[in-house]
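**Q** sequence and computational prediction follow.
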Amino acid sequence: MATGLNLTGRQGVQKLQTIRHAKAKKDPECRFHALVDKVWRMDFLTVAYIQVHQNGGVDGETFADIESYGLETWLGERSEELKEDTYVPKPVRQVMLPKTQPGKYRPLGLPCIRDRVAQTSALLVLEPIIEADLQPEQ
């Protein structure tokens with residue numbers, strides 16, 4: 001899959017994650033401010049897209065559609081929506097999965113590709129900070 005993400009972009013995300021994790025681990029009382037500006041960064045969105053690419057879309061939009069439209073353009077539009085606070089998640093598609101008991105089901109929500117990319121980008125920013133507070137066995 002050609003995504004245009006060079007190793008430097010991925011390394012940049014990993015470097016920022018490592019720095020934030022180390023800071024959070026060293027100083028548990030530290031409070032991070034203005035993290036949202038990292039969520040819309042192109043390197044974070046690109047790494048998020050690559051991670052989300054493992055699964056298909058549920059809203060009729062496919063990865064092939066996105067890549068034929070232009071991945072960089074598509075990611076740029078998501079970045080601007082997040083930056084300008086105009087991003088609105090689409091409704092989650094719900095499917096009912098059967099349980100082992102006959103006649104019993106549990107709901108499962110399936111977000112679309114654009115929402116999963118935004119969520120994954122936020123996860124890339126927040127995970128190293130939150131993980132630093134967890135006990136080693138967690």
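**A** Now that the structure is in, tell me what you want to look at. Residues are numbered from 1 along each chain as shown.

**Q** from now on I want contacts and neighbour counts done on CA atoms only, so please keep to that.
**A** Noted.

**Q** any idea which element the most centrally placed residue in the chain lies in?
**A** Geometric centre of the chain, nearest residue: Thr120, 1.0 Å, by C-alpha atoms, centre = their mean. Using DSSP states H and E, Thr120 sits within helix 113-131.

**Q** now do that helix: everything it contacts.
**A** The contact list for helix 113-131 (C-alpha atoms under 8 Å, 6 or more residues apart in numbering) reads 17-18, 20-21, 24-25, 35-36, 38-40, 44-45, 47-49, 51-52, 56-59, 61-62, 78, 89-90.

**Q** distance of the residue of the chain positioned farthest from its centre relative to Glu81?
**A** Using C-alpha atoms, centre = their mean, the residue of the chain lying farthest from its centre is Pro102. It sits 35.5 Å away. Pro102 sits 44 Å away from Glu81, taking C-alpha to C-alpha, to the nearest Å as the criterion.

**Q** follow-up on the earlier one: look up how far Pro136 lies from the residue nearest to the centre of the chain.
**A** In terms of C-alpha to C-alpha, Thr120 sits 23 Å off from Pro136.

**Q** for Tyr105, same thing?
**A** For Tyr105, the distance to Pro136 - C-alpha to C-alpha - is 35 Å.

**Q** who's more crowded, these two?
**A** Neighbour count, other C-alpha atoms under 10 Å: between Tyr105 and Pro136, Tyr105 has more, with 13 against 7.

**Q** tell me the pLDDT at the nearest residue to the more buried one once chain neighbours are set aside?
**A** Leaving aside its chain neighbours, Tyr105 sits nearest to Pro98 (4.3 Å; criterion: C-alpha to C-alpha, 6 or more residues apart in numbering). On pLDDT, Pro98 comes in at 93.

**Q** how about Gln51?
**A** In this model, Gln51 is scored at 86, pLDDT.

**Q** report the helix or strand with the lowest average pLDDT across this protein.
**A** Here the helix or strand of the chain ranked lowest by mean pLDDT, DSSP states H and E is helix 7-26, holding a mean of 81.

**Q** how about residues contacting the next helix or strand after it?
**A** Note on helix 7-26: by DSSP H and E, the next helix or strand toward the C-terminus is helix 36-39. Helix 36-39 is contacted from outside by 44-45, 82-83, 118, 121-122, 125, using C-alpha under 8 Å, 6+ apart.
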